[in-house]
Every structure is written in C-alpha cells, then in structure tokens.
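Student: Got a predicted structure plus its sequence, pasted below:
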Amino acid sequence: MSKKVSSKVDAKKETKRILFGLIGAVIMAVNIKTFVRAGGLYPGGFNGVTLLFQTICDRFFDITVPFSPISLALNAIPAIISFKAIGKKFTVVTSCMIVATSILTDIVPAVPITEDILLISIFGGLINGAAISISLIGGTSTGGTDFIAIYFAEKKNKDVWNYILLGNAVVLLIAGYLFGWDKALYSIIFQYTSTQMIHLLYQNYKKVTLFVVTENAEAVYQAISEVTNHSATEFSATGMYSNEKRKMIYSVVSTVEAKMLTRKVMEADAHAFVNIVKTDTLLGRFYQENNY
C-alpha cells in the first residue's frame, strides 16, 4: 500500500529545508573559523580537502587561496550526480547552502575561544556533527560527502558514515605527512566525534523491527499504515501461559517512525505487547519515503 505523492510544493517543508540549511551553514562556517583553523585541524570531506589545499598553497607557494572557489569546484560533480539520483529540491537547496558556507567562511572573523588542541578537537567535532545533523533533519545537507551518505541511506538503506570516516583518513594521512602527525591525529578525534554526533542526532536512516502481539490486529495494522505507509505481516500466535489466541504483527519502520507508532499502537490496543528490535541489515522491497 502506498500513498499518492503530490507534485505540489509543500511551503512548510521547503521553508524548513531552507531555514535548517542556513542554520547549518552558519554553524559550519563559524566552527571552521573558531575551532578548526584555530587548532590547525582538517575536518575531512570536501571542507577538509579545501583547507588542505589552502594550507599547501600558503606554506609551499606563499599563495593565499580563498575558500569559496575550491570548495565550490569540489562540490560540483557530486551535486550534479545528486540532482539526478536524490532529488532536485534537495540538490538546489544544498548547493545554495554550500555557497553560503563558502562565502561565510571567507567573511566570518576568526575568533579563537581556546588554544587547547584537545578541547578544540572534541568541541569542534561536536559542533561540526551538529551542523551536519541540523541540515539533514531539515531535508538538506552541507554538501560534499553528505551527498554520498544520503544516496546510500535513501536508495540502499545503508549507513555509510563510518565508511566516510575511513575515507577522510586519506586526507588526514596527507596532512600528517606534509604538516606533522600531531594535527592529523587530533583531526581523527575531531572526525570521530563529529560522526558520533551525527549518529546520535540524525536517526532517519536507522531501521527497527516491530513485533506487536495483539487482540486487535486490524486496528494495529491501520496505525502502522497511517503513520509509516508501510505494510505488515500477520502471524497467528498462542499465549503459552494463558493458552489464549492472539495475532502478532510484524513490520520494519524507521527509528523516528517507531516513536510515534508505539503511541498509536497502544491507543489502538491498550493491552498490546510491543517489542522493538534494532535492524542492522534489510534486503527486499521496502518503502522509503522520499525526504529530499
């Protein structure tokens, strides 16, 4: 069962997308100028590659390169791919956020808060992860490797943030070889903290398996269908202690949907027994709402 997708523009959704994207862009730019550059860190992704390129030009060629042109050039190819594979609105707004972040990074004044490199690595990573998460929750992103993560989350139902963390290690190895291993190692702390923050705040791509033992299977199924647009499988069950006949409803939903769905299921059947299990791997046909 699937709902008809409307072609009309959802003004509320698009306003949220732009607002959250702008907030994420501002936080990202301020974080780069306040923590990342103050600690000489490399945040990974295309921002990290851009900062690495800037540092190479400054140290070895005595040339000052602005952030914006390099960042925009690096984001061009994944943006084009995203336009076709993920969604037009998502890509257009994300592209605007990339431009906003690049411009803000060039114009925001550098105001270091602390010189403690460990504090910079930890709190800079937390803020970086929060900026990315805010953008993703709003239906946009900060660009770069976010395009890759969103593609696999939406199209393949896979969490690839940890793989992106490994990919960023290449940038850190180059930075470590050229400019010293201490900053590269602290950058790993920054990256790890950022990735964990994303895992904590952005839950849309995570799936759980829902088992509901109930006397009112039809009402429970209607709740699942209305809240998540997913179908369900019904099993006949018998209580071993009471020997009473029951029905068990099985369905896979997102972590975000599960929170609302649990409440709806208990409203449909106050005596239902609900068990929610984390789902690591999912194969087969699965309805994935297009959030982008």
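Tutor: Arrived safely.
Student: I'd like to know which helix or strand in this structure has the lowest mean pLDDT.
Tutor: Using mean pLDDT, DSSP states H and E, the weakest-scoring helix or strand in the chain turns out to be helix 145-155, at a mean of 72.
Student: What residues of that one count as buried?
Tutor: 145, 146, 147, 148, 149, 150, 151, 152, 153, 154 (16 or more other Cβ atoms under 10 Å). For the C-beta atoms, the positions are set from N, CA and C on the backbone; glycine is no exception.
Student: And the helices in the stretch 51-200 of the chain, which stretches?
Tutor: Using DSSP state H, counting those that start in this stretch, the helices of the stretch 51-200 of the chain run over 67-85, 88-107, 117-138, 145-155, 161-179, 181-201.
Student: What is the third one packed up against?
Tutor: Packing partners of helix 117-138 (3 or more Cβ pairs under 8 Å, 6 or more residues apart in numbering; DSSP states H and E): helix 11-31, helix 145-155, helix 181-201.
Student: related to what we said a few turns ago, can you lay out the buried residues of helix 145-155 as JSON lines showing distance to residue 221?
Tutor: Formatted as JSON lines, the buried residues of helix 145-155 follow (distance: Cβ to Cβ, whole Å):
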{"residue": "145", "distance to residue 221": "39"}
{"residue": "146", "distance to residue 221": "36"}
{"residue": "147", "distance to residue 221": "36"}
{"residue": "148", "distance to residue 221": "36"}
{"residue": "149", "distance to residue 221": "33"}
{"residue": "150", "distance to residue 221": "30"}
{"residue": "151", "distance to residue 221": "32"}
{"residue": "152", "distance to residue 221": "30"}
{"residue": "153", "distance to residue 221": "27"}
{"residue": "154", "distance to residue 221": "26"}
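Student: Check those residues against residue 92 and report the nearest one.
Tutor: Minimum separation from residue 92 among those (Cβ to Cβ) is found for residue 147, which lies at 12.9 Å.
Student: my read: that closest one touches residue 136, true?
Tutor: No. Applying Cβ atoms under 8 Å, one finds residue 147 not in contact with residue 136, separated by 11.5 Å.
Student: is it true that residue 198 touches residue 132?
Tutor: Yes. Assessed by Cβ under 8 Å, residue 198 is found in contact with residue 132 at 5.6 Å.
Student: Which one of those two is surrounded by more residues?
Tutor: Higher neighbour count among residue 198 and residue 132: residue 132, with 28 against 22, using other Cβ atoms under 10 Å.
Student: The host helix or strand of residue 253 - contacts with which helices or strands?
Tutor: Using DSSP states H and E, residue 253 falls within strand 245-254. Counting contacts by 3+ Cβ pairs under 8 Å, 6+ apart, strand 245-254 is packed against strand 207-214, helix 217-228, strand 233-238.
Student: and of those, who's closest to residue 67?
Tutor: Closest among these, once you apply Cβ to Cβ, is strand 207-214, at 37.2 Å.
Student: Quick check: which ranges of the stretch 101-250 of the chain have low pLDDT?
Tutor: The model of the stretch 101-250 of the chain has pLDDT under 70 over residues 153-162.
Student: if you set the cut-off to 90 instead, what comes out?
Tutor: Applying pLDDT under 90 to the stretch 101-250 of the chain picks out residues 101-115, 132, 135-192, 194-196, 198-210, 215-247.
Student: How much space separates the closest residue to residue 146 other than its chain neighbours from residue 33?
Tutor: Distance criterion Cβ to Cβ, 6 or more residues apart in numbering; nearest residue to residue 146, sequence neighbours excluded, is residue 132 at 6.5 Å. Going from residue 132 to residue 33 by Cβ to Cβ, to the nearest Å gives 17 Å.
Student: And for residue 59?
Tutor: Distance of residue 59 to residue 33, computed by Cβ to Cβ: 19 Å.
Student: the more surrounded of the two?
Tutor: residue 33 (20 against 11).
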